[in-house]
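J.: no FASTA, just this:
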């Protein structure tokens, strides 16, 4: 594109050339600044690689579980700008977050976005097809904006050329960026003595004839063209594949010899990257940079929730987030840079390249609460004094037997920066179980306890319960089962709907994760059995159909001295009231505030008022509300709600015990004063909806 000059000032030729060239608009690719950035690579989240161009648009390689949330937590990265996802091989660590990313795009952008192309082997296609069919909302069986493609057919993404080399179980990919147009050499323009009036013709027509008959072509005044930047992504899962890798020939130069390989990115296990076979491969790339994408010890905890959690933890029991920023470099082979979350590599051909890392959003960091903390402390002291001097209803159980209830996720549909999707760990000295497991459930445990303690807790699980097959309730179950198997060599017991059996069975084979599936039953028309009991020496499960998607369930888990009722997703149902009578704790979804009863009914969810009414009918000792809509992220939907003194509102990392449950109930009263801005926003939203 050329900017047309309507007026040419009478100035010296050299100055005019500078002015002209500064207004001359070169091709967009000529000015493009591309980069590669590491996402994840922590104990909680496997590493992924993000390519972005100068418009912050690009593609994602190997998004394992938790990457969807990590993108939301990372500054300057937008899921809507990702056009393609590439999986180098089929494993849970390379494709688990694709459904969550797809759901986010579908919900946020509706029909006003371009398709998301997913490139992978036939196993990835099988995974996505059955996940769309079974785990997305009933009204969206297949996301029409999600296109699954065979990776062997990947030749180009936008203007980037792609070359794919297949190993035994994985793929390597060579990416060649567009070659930048050469710049105009001002000195050459002066040397040829091209008149001012002839400059537009030179760049528009490509040549100009001077008064002495000399023909000057555009390329005569251009600098030497720069090399086209290239980067190589290698996924090699075994020494056998490393040997195959040495036989592969990558076309690193074009006919003009201008292509330049800048960096090799290695998705390769430690045992392989340190092998002799792999060392031979590395010897062919001594003059380029190397990046090893693996899980290191850096906790990389991000998120807008840090301020809220820091405030809550000064008042009530919130789990203290695990931090470890002493990332070990001992296992990194020489000449290779270890990945860190948000590590960025700038792709500049023909100039010195370098890595850059910005940890400004990482924990640990000091959170300045100032007057908010002082105000909150005074309010909480006042409330606590009032409660301590009035009759308080206590849990009628021995603390030694009642499970601690840890909330690992309290939102719906997909994770946000403040809340993760559903997941609840109930833990007592003699038994442990998880109620629903949305994507990143294990990641939340690791963020809270660190990798060692988290794996130990998972290894002690008695069972995992899945209420229904929507992805925000089951997307993290495979990772829980994988770690359980690695730690115990046994298969985790998963109680799940009959409808979920096919999905779990398929994924178990695709990702080689053994499962012990126990179906909750069927609610087919004509089935007279509404209720089903599952008993063991430690516990009894009593379930009834939920009023939500097909084949979804409410459950009551009963131990020797306690009874916990969990709704999953449901509209109010009397069957649940019947099996949950006189429970100690009712955990009930409250997706919407009470003024949105019509919206709740449309999506087959409950409001705050409806959930509290179920608790009153059950005569539940305590009621915990959770599974809040994405519109209620900072604080729950409490505007104009009458919250009884035995009800509390769930937050991520909240730990409820017999000793602190009253504190959590009391805390609800002062939320509007601790979070005044957020509460006023909630009130405004309530009044707008009511007026409508």
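T.: Right, received. Where do you want to start? Given the structure is predicted, the values throughout are model-derived calculations rather than measurements.
J.: where along the stretch 451-600 of the chain do the strands fall?
T.: Counting by DSSP state E, counting those that start in this stretch, one finds strands in the stretch 451-600 of the chain at the ranges 463-465, 492-496, 515-519, 532-535, 540-545, 553-558, 563-566, 585-589.
J.: what's the least confident stretch among these?
T.: Mean pLDDT is lowest for strand 532-535 among those, at a mean of 60.
J.: Sketch out the low-pLDDT regions of the stretch 351-500 of the chain for me.
T.: Low-confidence regions of the stretch 351-500 of the chain, defined by pLDDT under 70, span residues 351-353, 357-380, 382-400.
J.: oh, I was asking about the stretch 1-150 of the chain
T.: Low-confidence segments of the stretch 1-150 of the chain, defined by pLDDT under 70: 1-33, 109-113, 137-144.
J.: 50 - rerun?
T.: When residues are selected by pLDDT under 50, those of the stretch 1-150 of the chain lie in 1-12, 16, 19-20, 23-32, 139-141.
J.: Do a quick rundown of the strands in it.
T.: Using DSSP E, counting those that start in this stretch, the strands found in the stretch 1-150 of the chain span residues 34-39, 48-52, 58-61, 82-86, 116-120, 146-150.
J.: and the ones you listed as JSON lines, adding distance to residue 587 and mean neighbour count?
T.: C-beta coordinates here come from the backbone N, C-alpha and C atoms, glycine included. Written out in JSON lines, the entries for these read as follows (distance: least, Cβ to Cβ, whole Å; neighbours: other Cβ atoms under 10 Å):
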{"stretch": "strand 34-39", "distance to residue 587": "32", "mean neighbour count": "23"}
{"stretch": "strand 48-52", "distance to residue 587": "33", "mean neighbour count": "24"}
{"stretch": "strand 58-61", "distance to residue 587": "35", "mean neighbour count": "24"}
{"stretch": "strand 82-86", "distance to residue 587": "34", "mean neighbour count": "23"}
{"stretch": "strand 116-120", "distance to residue 587": "34", "mean neighbour count": "23"}
{"stretch": "strand 146-150", "distance to residue 587": "33", "mean neighbour count": "16"}
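J.: right, so of those, which gets closest to residue 635?
T.: strand 34-39 (28.5 Å; Cβ to Cβ).
J.: about what we covered before: closest to residue 169 out of the strands of the stretch 451-600 of the chain?
T.: Residue 169 lies closest, by Cβ to Cβ, to one member of the strands of the stretch 451-600 of the chain: strand 515-519, at 21.6 Å.
J.: Surely residue 657 is in contact with residue 404?
T.: Yes: proximity of residue 657 to residue 404 meets the contact threshold set by Cβ atoms under 8 Å, at 5.0 Å.
J.: which residues touch residue 580?
T.: Contact criterion Cβ atoms under 8 Å, 6 or more residues apart in numbering gives 554, 556, 563, 565, 586, 614, 618, 620 as the residues in contact with residue 580.
J.: Neighbour-wise, give me the winner out of those.
T.: The member of the contacts of residue 580 surrounded by the most neighbours (other Cβ atoms under 10 Å) is residue 586, with 30 neighbours in all.
J.: Can you report how many residues lie near residue 75?
T.: For residue 75, which is what you asked about, the neighbour count (other Cβ under 10 Å) is 9.
J.: still on that earlier bit, buried deepest among the strands of the stretch 451-600 of the chain, which one?
T.: When the strands of the stretch 451-600 of the chain are scored by mean count of other Cβ atoms under 10 Å, the highest mean neighbour count falls to strand 585-589 (a mean of 28).
J.: does the residue sitting furthest away from the middle of the chain count as helix, strand or coil?
T.: The outermost residue of the chain, judged against the average C-alpha position, is residue 212 (66.0 Å), by Cα atoms, centre = their mean. The three-state assignment at residue 212 reads coil, by DSSP: H, G, I helix; E, B strand; the rest coil.
J.: Can you pull the phi/psi pair for it?
T.: With angles defined as degrees, to the nearest 10, residue 212 shows backbone torsions of phi -90, psi 10.
J.: now do residue 263
T.: Given degrees, to the nearest 10, the pair of backbone angles that residue 263 has is phi -150, psi 150.
J.: got a pLDDT number for it?
T.: Reading off the per-residue confidence, residue 263 sits at a pLDDT of 92.
J.: next one: the one 3 residues further on
T.: The pLDDT attached to residue 266 in the predicted structure is 96.
J.: so what's it bridging to?
T.: Using DSSP bridges, the bridge partners assigned to residue 266 are residue 234, residue 292.
J.: Could you report the neighbour count for it?
T.: By the measure other Cβ under 10 Å, the count of residues near residue 266 is 24.
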